[in-house]
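> Build me a model:
(one chain, ligands or ions: 1)
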Amino acid sequence: MVKKKIEVICDNCEQKIKVKPKEIKGYMFFKCPKCKKEYPICKISPEGLRIRKEIKKERAEYYKLVTQNFPTKVLKDKEDQIKKLLQEFQKNVTPLTDNAET
Ligand SMILES: [Zn+2]
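Residues are numbered from 1 along each chain as shown. Purely as a prediction, here's the structure:
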């Protein structure tokens, strides 16, 4: 697992900002702690929010299956299902920044 610490410089006041994304109803953004300038990150559609909930549920279920030693086939099916959901989720996310580094 990669620990990512994202730091940006505020356009407005040149303050170094540690990015801690916030979310309000699918709208993700962060704010400069000094001048309060708002930086949009992305927008998740209502459908996307629904899918995200489903992914959470499926993942919890997946780990339950893992700990209960279910056959590989069952786990694989679950993995595929989660992958599909993730793809669907991505389609419902609109980036709002053009300098996003991924
Ligand atoms: Zn600022």
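> wait, does the lengthiest strand in the chain make contact with the ion?
Identified as the longest strand of the chain according to DSSP state E is strand 38-44. No - using Cβ under 5 Å from the ion, strand 38-44 never reaches the ion; the gap is at least 9.3 Å. Glycine gets a C-beta too; all of them are placed from N, C-alpha and C.
> Show me what that strand is packed against.
strand 27-31, strand 93-95 (3 or more Cβ pairs under 8 Å, 6 or more residues apart in numbering; DSSP states H and E).
> Given that strand, what are its sheet partners and their directions?
As defined by DSSP bridges, the strand partners of strand 38-44 come to strand 27-31 (antiparallel), strand 93-95 (antiparallel).
> tell me which residues of the first one are tucked away?
Counting neighbours by 16 or more other Cβ atoms under 10 Å, one finds that the buried residues in strand 27-31 are Met28, Phe29, Phe30.
> pull the CA atoms of stretch 81-90 into CSV?
The C-alpha coordinates for stretch 81-90 follow below in CSV (Å, rounded to 0.1, in the frame of the first residue of the first chain):
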residue,chain,number,x,y,z
GLN,A,81,-18.3,-8.1,-9.3
ILE,A,82,-16.4,-5.5,-7.3
LYS,A,83,-14.2,-4.6,-10.3
LYS,A,84,-17.3,-4.0,-12.4
LEU,A,85,-18.7,-1.8,-9.8
LEU,A,86,-15.5,0.2,-9.6
GLN,A,87,-15.6,0.8,-13.3
GLU,A,88,-19.2,1.9,-13.1
PHE,A,89,-18.2,4.2,-10.2
GLN,A,90,-15.4,5.8,-12.3
